[in-house]
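> need a 3D model of the sequence below.
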Amino acid sequence: MRQEGQVSFNPGSAFYRAESAIGRDLAVLCAYVYRQTRGQLRVLDTMTGSGIRPLRYILEAQADWVWANEGNADLAPTLRANLAGLPPHRYRLTHENSQRLCLRCHQNRDFYDLVDIDNFGNPAVHIDTGLGATRLGGLLYLTNTDGRSTSGHDPQASLRIYSAHARWQPAVHEQGLRLILGRAAQTAASRGLGVEPLFSLFTGQVHRVMVRLVPQVTLNQTTYGFIAYCHGCGHLQTLTWPQLGRVSCPCQLEGGEARVVVSGPLWIGPLHDDNQLRAMVTVAQAWGWRAQVDLLAVMAAEAHLPPYYYLLGEMGRRGRMDIPNRDRLVAALQSAGYQATRPHAEPQAVKTTASFSHCLSIARGLGRS
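Numbering: from 1, shown residues only. Next comes the predicted model:
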């Protein structure tokens with residue numbers, strides 16, 4: 001038997017990744033806030049695996065009803081055993097194809113407050129059908145485990161999956177989150193709708209984003225654009241669509257050799273929603289979830305900073321110095337008048353409004369002090 005949150009269960013032969021528990025923790029917090037705010041919570045868990053999510057949604061998030069679906073019918077005995085302790089009227093168990101299930105829900109106008117799609121690989125084929133099963137104002141939880149397509153190692157795959165050209169740049173973990181958000185926003189816009197990120201999470205190998213489906217299109221030039229990285233000097237910058245024809249780098253003004261690559265289009269708006277994070281923190285504190293409170297605080301600090309971060313190792317290499325201490329560098333940047341924090345997606349990095357050259361200058365100053 002395993003324990004996760006308030007739930008004991010036996011995964012049996014079902015795929016279960018204990019390291020992904022933090023993603024389920026945040027989903028439970030988000031769902032609980034939704035239930036308390038909206039007065040109801042109906043969940044569609046399209047790839048339930050061992051059944052850990054329906055157990056946690058019902059027992060922790062107080063979901064009224066969960067549709068637990070698992071395409072592999074061989075897992076039926078494990079699922080029946082794990083879900084046996086739940087009231088029968090609180091859940092339904094089926095074994096169907098995830099996409100066909102979402103399509104049928106849409107056709108039957110059977111919309112859900114939360115659609116959780118915990119797939120293996122990329123989310124492309126699930127975004128459209130998932131949105132179709134989500135009620136207006138409801139939540140869609142998306143997953144990506146394909147790091148090659150988001151990190152620049154397979155640009156053709158990123159073009160096929162996200163309709164974007166992903167290049168390697170230091171903030172590739174966050175780039176993955178923004179590619180998913182961009183694809184979701186573009187898909188919603190084609191329906192005359194929009195998505196708002198409530199939180200975006202990278203846990204080492206898995207990207208997960210929770211979005212809210214809204215009636216207003218959120219895809220525009222301030223939320224959907226490009227990120228440029230200069231291999232010559234390390235500078236990162238955001239580009240809007242009108243700037244694409246005149247991409248440049250500050251190092252050119254100093255006689256440097258600019259070698260700029262551009263990734264996108266992708267989501268360049270906020271990664272998280274401030275109000276949602278505050279509400280989740282309140283619940284996590286009441287439940288005694290200290291690690292989750294700490295993570296949410298980091299996410300809140302980074303929510304509105306530029307859509308990239310700088311690696312400490314790259315600063316050390318380019319500045320020909322020891323790798324700077326992250327916390328001291330963050331404090332020094334803040335003292336210099338910049339916004340700065342550590343990004344949740346990469347512990348050995350800083351996220352800041354300062355340029356890379358200014359970060360290097362401040363980091364050198366720390367080395368001399």
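
> could you use CA atoms for every contact and neighbour count after this?
OK.

> which stretches of the stretch 151-300 of the chain form strands?
Along the stretch 151-300 of the chain, the stretches classed as strands by DSSP state E, counting those that start in this stretch are 194-202, 207-214, 224-230, 236-239, 260-267.

> format these as CSV; extra columns: mean pLDDT, mean neighbour count and distance to S13.
As requested, these are arranged in CSV below (pLDDT from 0 to 100; neighbours: other CA atoms under 10 Å; distance: least, CA to CA, whole Å):
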stretch, mean pLDDT, mean neighbour count, distance to S13
strand 194-202, 98, 24, 26
strand 207-214, 98, 24, 24
strand 224-230, 97, 23, 41
strand 236-239, 96, 20, 45
strand 260-267, 96, 23, 37
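
> wait, A301 sits on T341?
Yes - A301 sits in contact with T341 when judged by CA atoms under 8 Å, with a separation of 6.5 Å.

> want to try TSV for the strands of the stretch 151-300 of the chain, with distance to G71 as columns?
Putting the strands of the stretch 151-300 of the chain into TSV (distance: least, CA to CA, whole Å) gives the following:
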stretch	distance to G71
strand 194-202	25
strand 207-214	21
strand 224-230	34
strand 236-239	41
strand 260-267	31
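
> name the surrounding residues that touch stretch 159-173.
The set of residues that contact stretch 159-173 without belonging to it, under CA atoms under 8 Å, 6 or more residues apart in numbering, is 122, 124, 149-156, 158, 179-180, 182-183, 202, 229, 261-266, 308-311, 345-346.

> how about the helices in the stretch 51-200 of the chain?
Assigned helices in the stretch 51-200 of the chain, in chain order: 52-59, 76-83, 98-107, 124-132, 147-150, 155-162, 172-189 (criterion: DSSP state H, counting those that start in this stretch).

> deepest-packed of those helices, please.
Among the helices of the stretch 51-200 of the chain, helix 172-189 has the highest mean neighbour count (mean count of other CA atoms under 10 Å), at a mean of 25.

> and it, C-alpha only, in CSV?
The C-alpha atoms that make up helix 172-189 are tabulated as CSV, following Å, rounded to 0.1, in the frame of the first residue of the first chain:
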residue,chain,number,x,y,z
VAL,A,172,13.8,25.7,-21.6
HIS,A,173,11.9,24.3,-18.6
GLU,A,174,9.7,27.4,-18.5
GLN,A,175,9.6,27.4,-22.3
GLY,A,176,7.8,24.0,-22.2
LEU,A,177,5.1,25.4,-20.0
ARG,A,178,4.6,28.4,-22.2
LEU,A,179,4.4,26.3,-25.4
ILE,A,180,1.5,24.3,-23.8
LEU,A,181,-0.2,27.5,-22.7
GLY,A,182,0.2,29.0,-26.1
ARG,A,183,-1.3,26.0,-27.8
ALA,A,184,-4.2,26.0,-25.4
ALA,A,185,-4.8,29.7,-25.9
GLN,A,186,-4.7,29.4,-29.7
THR,A,187,-7.1,26.4,-29.6
ALA,A,188,-9.5,28.2,-27.4
ALA,A,189,-9.3,31.4,-29.5
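
> average model confidence for that helix?
Mean pLDDT, taken over the full extent of helix 172-189, equals 98.

> stretch 45-65 too?
With pLDDT averaged residue by residue, stretch 45-65 scores 97.

> ok so, going back, of A301 and T341, who's got more company?
When A301 is set against T341 and neighbours are counted by other CA atoms under 10 Å, the residue ahead is T341, at 25 against 18.

> if we can go back for a sec, closest one to R80 among the strands of the stretch 151-300 of the chain?
Distances from R80 to each of these were compared using CA to CA; the minimum, 27.1 Å, belongs to strand 207-214.

> in its sheet, what does the closest one sit against?
Each strand pairing with strand 207-214, determined using DSSP bridges, is listed with its direction: strand 134-144 (antiparallel), strand 194-202 (antiparallel).

> tabulate these (JSON lines), appending distance to P88.
Output for the strands paired with strand 207-214, formatted as JSON lines (distance: least, CA to CA, whole Å):
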{"stretch": "strand 134-144", "distance to P88": "24"}
{"stretch": "strand 194-202", "distance to P88": "31"}
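
> turn the helices of the stretch 51-200 of the chain into a markdown table, including distance to Q276.
A markdown table is the format used below for the helices of the stretch 51-200 of the chain (distance: least, CA to CA, whole Å):
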| stretch | distance to Q276 |
| --- | --- |
| helix 52-59 | 18 |
| helix 76-83 | 30 |
| helix 98-107 | 26 |
| helix 124-132 | 20 |
| helix 147-150 | 26 |
| helix 155-162 | 26 |
| helix 172-189 | 17 |
